[in-house]
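Colleague: Sequence first, then the predicted structure:
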Amino acid sequence: MTTTQGPARRVTLLGSTGSIGTQALDVLARHRDAFEVVGLAAGGGDPALLARQAATFGVATVAVADEGAVPAVREALHAAGAGDVEVLAGPDAATDLAGAGADVVLNGITGSVGLRPTLAALHAGSTLALANKESLVVGGALVHDAAVRPDQIVPVDSEHSAIAQALRSGAPREVARLVLTASGGPFRGWSADDVKTVTPSQALAHPTWAMGPVVTVNSATLMNKGLELIEAHLLFGVPADRIDVVVHPQSVVHSMVQFVDGSTIAQASPPDMRLPIALGLSWPDRLEDVASPCDWSAATAWTFEPLDEELFGAVRLARHAVAASATHPAVYNAANEQCVAAFLAERISFLDIVTTVERVVDEHEGTPAGSLTLDGVLAAERWARARADELLARA
Ligand SMILES: NC(=O)C1=CN([C@@H]2O[C@H](COP(=O)(O)OP(=O)(O)OC[C@H]3O[C@@H](n4cnc5c(N)ncnc54)[C@H](OP(=O)(O)O)[C@@H]3O)[C@@H](O)[C@H]2O)C=CC1
Ligand SMILES: CC(=O)[C@@H](O)[C@H](O)COP(=O)(O)O
Ligand SMILES: [Mn+2]
């Protein structure tokens with residue numbers, strides 16, 4: 001049952017086989033009267049899952065980035081009894097699908113490869129339910145300006161969904177500060193010496209959320225919170241120096257808005273991404289029975305503590321990147337993507353991630369605000385990836 005008004009919304013889901021994608025399909029399966037899934041996109045790493053999803057939801061078009069996966073996808077679609085499904089393939093497949101004009105495009109791709117699909121969805125006039133924070137961070141004003149109506153970008157990231165909900169409590173002129181909560185990751189409270197030798201499997205053990213590998217490592221380094229600070233600045237138009245980060249290990253308060261009269265409005269719910277995903281799909285309405293609420297019958301405690309910026313410098317670096325130039329955030333993200341891949345492949349140590357990102361950001365010359373182009377962003381990213389790779393080869 002749903003409270004969303006009007007005809008079924010046509011939904012395209014990018015990254016359908018991942019953590020966000022599969023949880024989105026769980027929400028959509030329970031609200032079939034409110035939504036029709038018209039397109040699915042994935043990398044191509046799991047043709048059988050993609051085909052099962054297409055068959056279950058009667059999807060007309062699937063897109064895979066890896067052209068080599070097409071025979072396996074067609075075979076799996078046949079085996080799953082998916083019927084006549086159009087298969088798009090190649091590096092532009094998700095972008096073409098995103099631009100096809102669904103009512104809502106949920107971007108759950110990982111990494112800045114999600115930028116073109118984000119822009120295509122906005123240019124097509126679709127509502128963009130945005131989990132892929134990297135596309136907003138790297139595209140900056142390009143993404144912001146591509147949105148031509150209020151609420152065309154609806155945040156799915158849990159903190160930004162919380163802030164969007166809390167902002168309903170006051171007028172924009174009444175907002176004093178945004179407060180992003182951070183779990184602190186698996187190494188909260190550790191010493192610099194202990195963190196030096198952590199392994200990928202330790203970094204992948206997030207204390208409160210089960211997510212894909214890249215965002216999980218980013219949570220451990222606090223790069224995720226740096227990206228989220230830039231994301232909040234771009235989404236809500238609040239300067240970075242009025243956005244705070246506070247560590248809240250329970251991940252129940254998902255973020256807060258402080259108003260000019262001293263009131264703070266927080267959004268709280270047990271950690272479950274289906275809640276912000278559902279709001280992203282149905283905004284501004286709420287769907288019924290999406291996730292369990294807080295249980296007030298059991299004794300519980302929420303704690304808040306300052307971030308250890310000495311050991312976890314990623315948020316400070318994000319503040320620097322956002323102030324430095326229009327392309328510094330793209331460089332911050334691209335260098336990090338290279339470092340995370342190298343760390344997961346056990347080629348560098350955990351602490352090499354942020355120190356390398358910092359060196360690449362510091363060396364970047366930057367493009368002034370107002371002269372940002374897509375080609376400029378892509379060139380800055382290419383430079384950052386190549387420079388990070390050079391530094392990592394010596395690490
Ligand atoms: N997971 C979570 O709880 C949260 C995630 N986010 C953000 O959401 C995004 C997705 O994260 P998550 O779901 O964890 O990541 P996953 O790694 O679990 O999933 C990524 C998905 O993207 C697909 N994909 C990769 N490359 C392409 C491409 N070129 N074209 C189309 N699809 C592609 C993958 O397909 P394949 O498997 O075939 O490669 C997979 O379906 C990230 O930006 C993350 O920061 C934000 C808040 C919470
Ligand atoms: C669920 C979600 O939104 C993630 O981005 C989450 O924020 C990760 O947790 P931390 O980065 O706070 O550890
Ligand atoms: Mn988040």
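Modeller: Thanks, I have the structure now. Ligands and ions are numbered 1, 2, ... in the order given.

Colleague: Run a quick neighbour tally on the closest residue in space to residue 115 that isn't next to it in sequence.
Modeller: Spatial nearest neighbour of residue 115, chain neighbours left out: residue 135 (4.3 Å); criterion: C-beta to C-beta, 6 or more residues apart in numbering. Glycine gets a C-beta too; all of them are placed from N, C-alpha and C. For residue 135, the count of nearby residues is 26 (other C-beta atoms under 10 Å).

Colleague: Likewise for residue 296?
Modeller: Residue 296, neighbours per other C-beta under 10 Å, totals 7.

Colleague: got the phi/psi numbers for residue 86?
Modeller: With angles defined as degrees, to the nearest 10, residue 86 sits at phi -70, psi 140.

Colleague: Ok, residue 246 next?
Modeller: Backbone torsions of residue 246, given as degrees, to the nearest 10, read phi -130, psi 140.

Colleague: mind listing what it touches?
Modeller: For residue 246, the contact set (C-beta atoms under 8 Å, 6 or more residues apart in numbering) comprises 179-182, 304-307.

Colleague: Return the per-residue confidence for the residue nearest to it when sequence neighbours are not counted.
Modeller: Spatially, and ignoring its direct neighbours in sequence, residue 246 is nearest to residue 304 (5.2 Å; C-beta to C-beta, 6+ apart). Residue 304 is assigned 98 on the pLDDT scale.

Colleague: Quick check: residue 304 touching residue 250?
Modeller: No. Contact criterion C-beta atoms under 8 Å: residue 304 and residue 250 do not qualify, at 9.6 Å.

Colleague: Between the two, tell me which one has more neighbours.
Modeller: Set residue 304 next to residue 250 and count neighbours by other C-beta under 10 Å: residue 250 wins out with 17 against 13.

Colleague: What's the separation between the residue nearest to that one when sequence neighbours are not counted and ligand 3?
Modeller: Of all residues not flanking residue 250 in the chain, residue 302 sits nearest, at 5.5 Å (C-beta to C-beta, 6+ apart). According to C-beta to the ion, to the nearest Å, residue 302 stands 17 Å off from ligand 3.

Colleague: near ligand 2, which of the contacts of residue 246 show up?
Modeller: residue 182 (C-beta under 6 Å from any ligand atom).

Colleague: so which of the contacts of residue 246 is the most crowded?
Modeller: Ranking the contacts of residue 246 using other C-beta under 10 Å puts residue 181 first, with 27 neighbours.

Colleague: Return the residues in contact with that residue.
Modeller: 159, 162, 245-248, 251, 253-256, 304.

Colleague: Now do residue 106 against ligand 2, distance only.
Modeller: 14 Å (C-beta to the nearest ligand atom, to the nearest Å).

Colleague: which residues does that residue bridge with?
Modeller: residue 13, residue 129 (DSSP bridges).

Colleague: And it, how far from ligand 3?
Modeller: 15 Å.

Colleague: For that residue, the count of nearby residues, please.
Modeller: The number of residues packed around residue 106, counting by other C-beta under 10 Å, is 32.
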